[in-house]
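Enquirer: here's my sequence, what's the structure:
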Amino acid sequence: MSRRPQIMNSRSSAIGATMLAVLSLASASAQTREQPLTANLCEVVASPDVYNKRALTVEGILSPGEHSLALYSSSCQPRAGFNVTVQAVLPSEWESLRNGKRLRKFLRARKQAHVKLSGTFQAGSDPYGPDVAQFRFMVSELFSVEKQR
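Expert: Model prediction:
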């Protein structure tokens, strides 16, 4: 009779240790996720190799285009040899993001919005989207959405 409680205690200890290990791994994985780097959008498009595939937080203007959404900064203007076009790609659940409904209001009215957002910057060799943007920004979070002045 005394053997059964020992087996149960051993099993309980093994299950507890396994659960603790799994939770520790999950916690470590969440802590090592790359935190977005706050960057100036003009610096990002001027040095795309430095920022390629990096998680960034930027401020800029979202503008509805003919076929896609553009992200730009009024501080850096395109010129010969300096293409600053960025296609912004919103996540599928973007309207449920904080500030998503506010952004939807601007986009439906075909108006620009000043935004602060996080996402991943991409600078490939081929253009992005139907409007043939030089770069792409995969949005993951909308921190603020304001009327463009």
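
Enquirer: all contacts plus neighbour counts: C-alpha atoms, from now on.
Expert: Will do.

Enquirer: can you pull out the strands in this protein?
Expert: Counting by DSSP state E, one finds strands in the chain at the ranges 37-38, 55-64, 69-72, 86-89, 113-122, 135-147.

Enquirer: most tightly packed of the ones you listed?
Expert: A comparison of these by mean neighbour count, using mean count of other CA atoms under 10 Å, puts strand 86-89 on top with a mean of 24.

Enquirer: which strands and helices lie in contact with that strand?
Expert: Here strand 86-89 touches strand 69-72, strand 135-147, going by 3 or more CA pairs under 8 Å, 6 or more residues apart in numbering; DSSP states H and E.

Enquirer: rewinding a little: and the strands of the chain: which comes nearest residue 97?
Expert: Of all these, the one in closest proximity to residue 97, counting by CA to CA, is strand 135-147 (6.8 Å).

Enquirer: measure how that closest one sits relative to strand 113-122, angle-wise.
Expert: Computed by axes from the mean of the first three to the mean of the last three CA atoms, to 10 degrees, the angle separating strand 135-147 from strand 113-122 equals 160 degrees.

Enquirer: got the domain boundaries for the chain?
Expert: With domains defined by automatic domain parsing, the chain comprises 1-33, 37-147.

Enquirer: from the chain's centroid, how far away is the longest one?
Expert: Distance, stretch centre to chain centre, for domain 37-147: 10 Å (CA atoms, centre = their mean, to the nearest Å).

Enquirer: quick one: residue 49 from residue 43, how far?
Expert: Using CA to CA, to the nearest Å, we find residue 49 at a distance of 11 Å from residue 43.

Enquirer: residues contacting the closest residue in space to residue 73 that isn't next to it in sequence?
Expert: Nearest residue to residue 73 in three dimensions, chain neighbours excluded: residue 60, at 4.9 Å (CA to CA, 6 or more residues apart in numbering). Shown in contact with residue 60 (CA atoms under 8 Å, 6 or more residues apart in numbering): 41, 71-74, 114-116.
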